[in-house]
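[1] Predicted model and sequence below, questions to follow.
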Amino acid sequence: MANTQAPSARLSSPRSAKPRPAGPRLSVGFILARRFTLCAFANFVDVLRLAADDGDRSRPILCDWTVLSDTMDPVLSSCGISVQPKERLNDPRRFDYIVVVGGLLDDDAPSLSPAYTRYLKQAAEAGVPLVGVCSGAFSLHEAGLLDGYRCCVSWFHHSDFLEQFDGLNPVSDQIFVVDRDRLTCSGGASSAHLAAYLVDKHVGRAQASKSLHIMIIDDALSPDKPQPGLPLNMKTQDPIVQRALLLMQQNIDTPISVQQIAERMGNSKRQIERHFRMSLNTSPQAAFLEMRLDLAKHMVEKSQKSVAQIAVDCGFCDSSHLSRMFRRKYGGTPQALRQAQQVPQIESSEIEE
């Protein structure tokens, strides 16, 4: 069912399920899907943990959290490490949010048991906001709890979501989405940013920043921050090209040759080149260079990193090499682009004065 809400309404902040008396300002219950992603869960919990107390003492004073279970059996993560739940499913109204941490999408079995599904529906009926982390959006939709909502999925799982859930329009170009009382994120580091968003809302911006800084994350990112993923102009349904592009992205700071890509994939160099021509009308080398230049341009525009550091991060020999390639594609140097962005800001501040 399409969402007819205006964009401003869709991105309105979720409300807490009930006014909170003395005690933690933010209470979160976790449901872990089978073979859940440990990294996404740990990032979310650690933001809460670090925001909850002074220093790094981990006392659940300003925030509290618990792992809920229908059976109390340990839950195995995708990496093989198990987490022991702390409480059985109870009144969802005691929590400000119920968070579902998704698991691997490797078979057709439901990701959550019927007991979890009933509990999530009970929470929704009680007005408790629901959060889907990583493939947790799949679990919420399987439970019928995302109809009419925008939801965030990883660009890596975008096609999987479309195949399994007809009629929905998942968002895969943002790190998280807040749509009324449904919040979803793409997993990984984005779960830390979503948790920081909730801490900022309920506890305070200082506590949210503190958590991220201790976790060596520079600053909180807004929901519409793009996910790191394949360039939009390189979308393709060719599985060979998709795999090659993923390998390029994973090695963007230390570029590998087409021959190395072919060896890792078990294909020939000529075969990969032919698929790139047919699918994208370009060569693998040109696609890789475009990917690195697009990232460099994004970093020049959006970050405070030096051009020399951006060159290193994007796999160029040095800033001169980056500048030559940058000028060839964009008609100017990274330094000129950055200066051009700064000039209007200075002029507008002078006008205000």
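    Alright, I've got the coordinates. Remember, predicted model here, so these are calculated numbers, not experimental data. Numbering: from 1, shown residues only.

[2] Tell me the confidence at residue 226?
    The per-residue pLDDT reported for residue 226 equals 53.

[3] That should have said residue 298, apologies.
    For residue 298, pLDDT reads 88.

[4] That one belongs to a strand?
    No: in this structure, residue 298 is helix, not part of a strand, as judged by DSSP: H, G, I helix; E, B strand; the rest coil.

[5] Now for it, how many residues are close by?
    15 (other C-beta atoms under 10 Å). Bear in mind the C-beta positions are built from the backbone N, C-alpha and C, glycine included.

[6] residue boundaries of the helices in the protein?
    For the chain, the helices defined by DSSP state H cover 7-10, 38-51, 114-125, 136-142, 158-164, 190-202, 205-214, 239-250, 258-265, 269-280, 284-302, 307-313, 319-330, 334-352.

[7] Where among the ones you listed is average confidence lowest?
    Among those, helix 7-10 scores lowest, with a mean of 36.

[8] circling back: quick one, which of the helices of the chain gets closest to residue 102.
    helix 136-142 (3.8 Å; C-beta to C-beta).

[9] if we can go back for a sec, in TSV: the helices of the chain, plus distance to residue 78.
    Putting the helices of the chain into TSV (distance: least, C-beta to C-beta, whole Å) gives the following:
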stretch	distance to residue 78
helix 7-10	31
helix 38-51	7
helix 114-125	18
helix 136-142	13
helix 158-164	15
helix 190-202	14
helix 205-214	24
helix 239-250	18
helix 258-265	22
helix 269-280	29
helix 284-302	27
helix 307-313	28
helix 319-330	37
helix 334-352	39
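
[10] So which of those helices is nearest residue 74?
    Nearest of these (C-beta to C-beta): helix 38-51, 12.8 Å.

[11] between the closest one and helix 190-202, how many degrees?
    30 degrees (axes from the mean of the first three to the mean of the last three C-alpha atoms, to 10 degrees).

[12] C-alpha coordinates for stretch 303-320, PDB please?
    Extracted as PDB, the C-alpha positions of stretch 303-320 are listed here (Å, rounded to 0.1, in the frame of the first residue of the first chain):
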ATOM      1  CA  SER A 303      33.800  16.100   4.500                       C
ATOM      2  CA  GLN A 304      36.600  18.300   6.000                       C
ATOM      3  CA  LYS A 305      39.300  15.900   5.000                       C
ATOM      4  CA  SER A 306      42.300  17.200   3.100                       C
ATOM      5  CA  VAL A 307      42.600  16.500  -0.600                       C
ATOM      6  CA  ALA A 308      45.700  14.500   0.100                       C
ATOM      7  CA  GLN A 309      43.800  12.300   2.500                       C
ATOM      8  CA  ILE A 310      40.900  11.900   0.100                       C
ATOM      9  CA  ALA A 311      43.300  10.800  -2.600                       C
ATOM     10  CA  VAL A 312      44.600   8.100  -0.300                       C
ATOM     11  CA  ASP A 313      41.100   7.000   0.800                       C
ATOM     12  CA  CYS A 314      40.000   6.700  -2.900                       C
ATOM     13  CA  GLY A 315      43.100   4.800  -4.100                       C
ATOM     14  CA  PHE A 316      45.000   7.500  -5.900                       C
ATOM     15  CA  CYS A 317      48.800   7.800  -5.700                       C
ATOM     16  CA  ASP A 318      48.700  11.300  -4.300                       C
ATOM     17  CA  SER A 319      46.800  14.600  -4.500                       C
ATOM     18  CA  SER A 320      48.300  15.500  -7.900                       C
END
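
[13] Just checking the distance from that stretch to the centre of its chain.
    Mean C-alpha position of stretch 303-320 versus that of the full chain (C-alpha atoms, centre = their mean, to the nearest Å) differs by 24 Å.

[14] for stretch 258-276, same thing?
    30 Å.

[15] Now do the buried residues in it.
    Using 16 or more other C-beta atoms under 10 Å as the test for burial, stretch 258-276 gives 258, 261-262, 267, 272-273, 275-276.

[16] Compute the first-to-last residue distance for it.
    Using C-alpha to C-alpha, to the nearest Å, the end-to-end distance of stretch 258-276 comes out at 11 Å.

[17] Please apply the same query to stretch 211-220.
    10 Å.

[18] quick one: contacts of that stretch?
    43, 46-51, 56, 189, 192-193, 195-197, 199-200, 208-209 (C-beta atoms under 8 Å, 6 or more residues apart in numbering).

[19] Only the buried subset of these, as a ChimeraX command please.
    This is the ChimeraX syntax for the buried subset of these, where burial follows 16+ other C-beta under 10 Å:
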select :43,46,47,48,49,50,51,189,192,193,195,196,197,199,200,208,209
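
[20] In contact with the nearest residue in space to residue 60 that is not next to it in sequence: list those residues for me.
    Closest residue to residue 60 apart from its sequence neighbours, by C-beta to C-beta, 6 or more residues apart in numbering: residue 52 at 5.2 Å. By C-beta under 8 Å, 6+ apart, residue 52 lies in contact with 24, 58-64.

[21] Let me see the confidence value for residue 52.
    pLDDT at residue 52 comes out at 95.

[22] picking that back up, dump the buried residues of stretch 258-276 to CSV, plus distance to residue 219.
    Below are the buried residues of stretch 258-276 laid out as CSV (distance: C-beta to C-beta, whole Å):
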residue, distance to residue 219
258, 37
261, 34
262, 39
267, 41
272, 38
273, 41
275, 39
276, 37
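
[23] No more questions from me, cheers.
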